Each structure stands twice: as structure tokens, then as C-alpha cells.
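Engineer: heads up, no residue letters with this:
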């Protein structure tokens, strides 16, 4: 049962990360919700950086989904545990750049906590 729950949560994480990544292409104004203070949405260079972030997120989610489909649970758990460094880093950057604490903790730190919990479920299944 633990493996089924962990697998379902890993799938949700993978899908959510792909959707969030793709949103930077069709709704770049959403960058403000991720804690970037006063994002210059109309700046072409900033939009290019958002596309890079979107591609990173989509590839990250795809890696989770591929390992979920063909890899052993421990390997998927190790990957998700390692990938939790991304939202930890994002939270740190939001705080260092005086972005909203609600985004740093409510979006990024809570995402990292969920990822770590799912990783531990997979590693101990």
C-alpha cells in the first residue's frame, strides 16, 4: 500500500511540475506567484529566462514520470530527494531577493517538504 500511495504522489508531482513548467510559456505573468518580486514580464530577456525555467521544470517532471514507469522505487525516491534541492534553492532565492515569504514557504518550501516525504516513502517501500 505504501508503494501505491508513494507512486501516486510521485505521479502527481511529475505532472504538476510539467504543467507548472509549461505555464511559463502560455502565462508568464504567473512568475509573480512564484515569488519573483516585481517581475518585468514585458522584458524579452526576462521572458527568455522564464522559458529556460519552464524547460527545466518540464524536463524534471518528465524524469520523474519516466522513472515512475520503468525504474525501481528506490531510484525514483533518490531522484525525487535530489530534486527537492530545486524548490529549496527557489525558496532561498525568493527570500534573498526580498520576495514574499508566503511564496518562499507556502510554495517552494512546502513543495520541498512534500517531495522529501514522497522520496522517503519510496526509499522505504
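Structural biologist: Structure received. All of these numbers come straight from a predicted model, not from anything done at the bench. Numbers count the residues shown, from 1 in each chain.
Engineer: At the geometric centre of the protein, which residue do we find?
Structural biologist: The residue lying closest to the centre of the chain (Cα atoms, centre = their mean) is residue 17, at 5.1 Å.
Engineer: Tell me which helix or strand that one sits in.
Structural biologist: helix 2-26 (DSSP states H and E).
Engineer: Would you mind pulling up the elements that that helix packs against?
Structural biologist: Counting contacts by 3 or more Cβ pairs under 8 Å, 6 or more residues apart in numbering; DSSP states H and E, helix 2-26 is packed against helix 44-70, helix 73-83, helix 110-124. Backbone N, C-alpha and C define where each C-beta goes, glycine included.
Engineer: Give me the pLDDT for residue 33.
Structural biologist: The per-residue pLDDT reported for residue 33 equals 69.
Engineer: Likewise for residue 46?
Structural biologist: Looking at residue 46, its pLDDT is 86.
Engineer: Distance check, it against residue 36.
Structural biologist: Per Cβ to Cβ, to the nearest Å, residue 46 is found 9 Å from residue 36.
Engineer: Comparing those two, which residue is more hemmed in?
Structural biologist: residue 36 (22 against 15; other Cβ atoms under 10 Å).
Engineer: can you pull the contacts of the more buried one?
Structural biologist: By Cβ atoms under 8 Å, 6 or more residues apart in numbering, the contact list for residue 36 reads 94, 97, 99.
Engineer: Return the members of these classed as buried.
Structural biologist: 94, 99 (16 or more other Cβ atoms under 10 Å).
Engineer: angle of the helix holding residue 17 against helix 73-83?
Structural biologist: Angle of helix 2-26 versus helix 73-83, following axes from the mean of the first three to the mean of the last three Cα atoms, to 10 degrees, is 40 degrees.
Engineer: which intervals of the protein have sub-threshold pLDDT?
Structural biologist: Regions of the chain meeting the criterion pLDDT under 70 cover residues 31-33.
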